[in-house]
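# Whatever this is, show me its structure:
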Amino acid sequence: MAWLQWLIVCVSFVLQILLMRSLLRQTAYRDFPVLFAYSLVLLMTSAVDMGLAQNSPSLRGNWTQTVYYSDEALRQLFLFLVVLSL
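Numbers count the residues shown, from 1 in each chain. The predicted structure follows:
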């Protein structure tokens, strides 16, 4: 089951990077700066969450939960801003 989780994470990262590349190549980030910021935040917070969850079993206590919920609040804030900007 762990291979399925890694497969989903890898596909997610590839799709996020392709979206960012597309926004940068077509200069769409000028038209949609909030969407670009949301994509950037989503990529960074996903990397931090997966790094903490997979590489540091000793940090899986309160620290990981605090970081996860802080990241989730940041993602929700940017998603709200994307909805407002459209």
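# which intervals of the protein have sub-threshold pLDDT?
Counting by pLDDT under 70, the chain has low-confidence residues at 1, 55-61.
# can we see that at 90?
Under the criterion pLDDT under 90, the flagged ranges of the chain are 1-10, 19-20, 22-32, 35-36, 45-71, 85-86.
# What are the boundaries of the helices in it?
Counting by DSSP state H, the chain has helices at residues 2-25, 33-55, 62-85.
# for those, which one ends up most surrounded?
For the helices of the chain, the largest average neighbour count (mean count of other Cβ atoms under 10 Å) is found in helix 33-55, namely a mean of 16. In this view, the C-beta of every residue, glycine as well, is placed from N, C-alpha and C.
# where's that helix relative to the chain centroid, distance-wise?
3 Å (Cα atoms, centre = their mean, to the nearest Å).
# Report the separation between residue 71 and residue 7.
Using Cβ to Cβ, to the nearest Å, we find residue 71 at a distance of 22 Å from residue 7.
# cool, and residue 82?
For residue 82, the distance to residue 7 - Cβ to Cβ - is 27 Å.
# Please apply the same query to residue 25.
27 Å.
# And for residue 32?
For residue 32 relative to residue 7 (Cβ to Cβ), the value is 29 Å.
# try residue 64
For residue 64, the distance to residue 7 (Cβ to Cβ) stands at 22 Å.
# and what of residue 72?
From residue 72 across to residue 7, the span is 22 Å (Cβ to Cβ).
# Kindly report the same for residue 46.
Distance, residue 46 to residue 7, by Cβ to Cβ: 15 Å.
# mind saving the C-alpha coords of stretch 35-42 as CSV?
Output of stretch 35-42 as CSV, limited to C-alpha atoms (Å, rounded to 0.1, in the frame of the first residue of the first chain):
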residue,chain,number,x,y,z
LEU,A,35,-3.5,31.1,-8.7
PHE,A,36,0.2,31.1,-9.3
ALA,A,37,0.8,31.9,-5.5
TYR,A,38,-1.6,29.1,-4.6
SER,A,39,0.2,26.6,-6.8
LEU,A,40,3.5,27.7,-5.3
VAL,A,41,2.2,27.4,-1.7
LEU,A,42,0.6,24.0,-2.5
